[in-house]
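Q: curious how this folds, go ahead:
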Amino acid sequence: MSAAENTNAALQRAVASFDPAAADFSRLSTPLWDRVGQATVQVSKPEPGEWVLDACCGDGASAIPAARLVGPTGHVDAVDLSAPLVTTVTTAAAELPQLTAYRADVLEWPGAPERQEAPGAVRSYDVVQCVLGIFFFADMPAGTERLIGFLRPGGRAALTIWRRGAMAAVGDRLAAAVALVRGEPAPGPREPYLIERISTAAEYSRWLSERGLRDPRVVVHELTVALTPESAWLLVTGSGFRGLLHGLDDAQIDAVRTEYLALLEHDDVTEVDATTLIGSGLR
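A: Take a look at the predicted model:
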């Protein structure tokens, strides 16, 4: 298997992990997802009457505030692969009829049939937003261009990624703990993934321009999350990091938790950098 195939397989495992992670994902809403989602909506600025596509919507951290802003004359289509997360959005938005959540692969999704502008046509949107989702696409450049393609001419996108080094305090130690439990060598240097190569404001802006966004701008949203043993493990079980536990049995997962928390304690890690880059621009 090539390096690219290995990367894609790992990302697909992470995506698949969100179904079992849904309950813990929502427990992370207040300390993490809601804060990142709100920051993204402050950049995308949905207005009354506008149509918004919220891709990879999770539990609605950006879709719900967007729905409040577009009001009853607008609409938000929220799309995610995880059925439990889509159910969570639907329940949370019960009093927001202008928001509809769909379980679908947004890259294969033509828009809700009842809202297509013409039979078989793909609906265009005033705003497309995606919070911490584009790096799960098997082909991130093509997937991002697909999202941008949902915009009407002059429409605006807001696409949020982690800043370089964000969440590393968790990811590095979790990877080391998993390797130890599996009896594998500790992870060594590797070729940076694409998302890691573009995770500075300047590089991300350039990359979005190459994807077809006009006047790209990047807002740095500084954020730290305090770590306790409980919150540190929740960041594993309620996020894409859960994919690293794929194939482990319950006893092995318990062992990973013990080793991971021991590494955090040994290194006196009491908080994690959760800073994001919110890239925006016009089609």
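
Q: where are the low-confidence patches of the protein?
A: 1-22, 112-122 (pLDDT under 70).

Q: what does the top strand by length along it rub up against?
A: Across the chain, the longest stretch assigned as strand under DSSP state E is strand 151-162. Residues from elsewhere that reach strand 151-162 (C-beta atoms under 8 Å, 6 or more residues apart in numbering): 36, 39-41, 43-45, 124-132, 134-135, 144, 147-148, 195, 198-199, 204, 208, 213, 221, 274-283. Using the backbone N, CA and C atoms, a C-beta is placed for each residue, glycine as well.

Q: all strands for the protein, in order.
A: Using DSSP E, strands in the chain cover 51-55, 75-80, 99-103, 125-131, 151-162, 214-221, 224-226, 271-273, 276-282.

Q: just those strands: most buried one?
A: Comparing these by mean neighbour count (mean count of other C-beta atoms under 10 Å), strand 51-55 ranks first with a mean of 28.

Q: can you pull the contacts of the residue nearest to the spatial centre of the chain?
A: Computing the C-alpha centroid of the chain and ranking residues by C-alpha atoms, centre = their mean puts L132 first, at 2.4 Å. Contacts for L132 were tallied using C-beta under 8 Å, 6+ apart; they are V36, C56, G58, T160, I161, W162, T276.

Q: switch the residues you listed over to CSV; also include distance to S26.
A: CSV is the format used below for those (distance: C-beta to C-beta, whole Å):
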residue, distance to S26
V36, 14
C56, 15
G58, 9
T160, 19
I161, 22
W162, 20
T276, 19
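
Q: and of those residues, the nearest to P65?
A: P65 lies nearest to V36 out of those, by C-beta to C-beta, at 11.5 Å.

Q: so how far is Q252 from that closest one?
A: Distance from V36 to Q252, counting by C-beta to C-beta, to the nearest Å: 31 Å.

Q: higher neighbour count, those two?
A: V36 (21 against 14; other C-beta atoms under 10 Å).

Q: where do the helices sit along the chain?
A: For the chain, the helices defined by DSSP state H cover 3-16, 22-27, 34-44, 63-70, 83-92, 140-149, 168-182, 194-197, 201-210, 229-237, 250-266.

Q: for these, give me TSV that also has distance to L244.
A: Below are these laid out as TSV (distance: least, C-beta to C-beta, whole Å):
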stretch	distance to L244
helix 3-16	8
helix 22-27	14
helix 34-44	21
helix 63-70	27
helix 83-92	19
helix 140-149	19
helix 168-182	5
helix 194-197	16
helix 201-210	25
helix 229-237	8
helix 250-266	8
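
Q: comparing the ones you listed, which comes out most buried?
A: Highest mean neighbour count among the helices of the chain (mean count of other C-beta under 10 Å): helix 63-70, a mean of 23.

Q: now tell me what touches it from outside.
A: So helix 63-70 is contacted by 37-38, 41, 44-52, 54, 57, 74, 76, 78, 89, 92-93, 96, 98-99, 101, 127, 129 (C-beta under 8 Å, 6+ apart).

Q: please repeat the previous calculation with a cut-off of 6 Å.
A: 38, 41, 46, 50, 52, 54, 57, 76, 78, 93, 96, 98-99 (C-beta atoms under 6 Å, 6 or more residues apart in numbering).

Q: closest one to H246 out of the residues you listed, please.
A: C57 (23.1 Å).

Q: skipping adjacent residues, who's closest to that closest one in space?
A: Computed as C-beta to C-beta, 6 or more residues apart in numbering, the closest residue to C57 that is not its neighbour in sequence is A78, at 3.8 Å.
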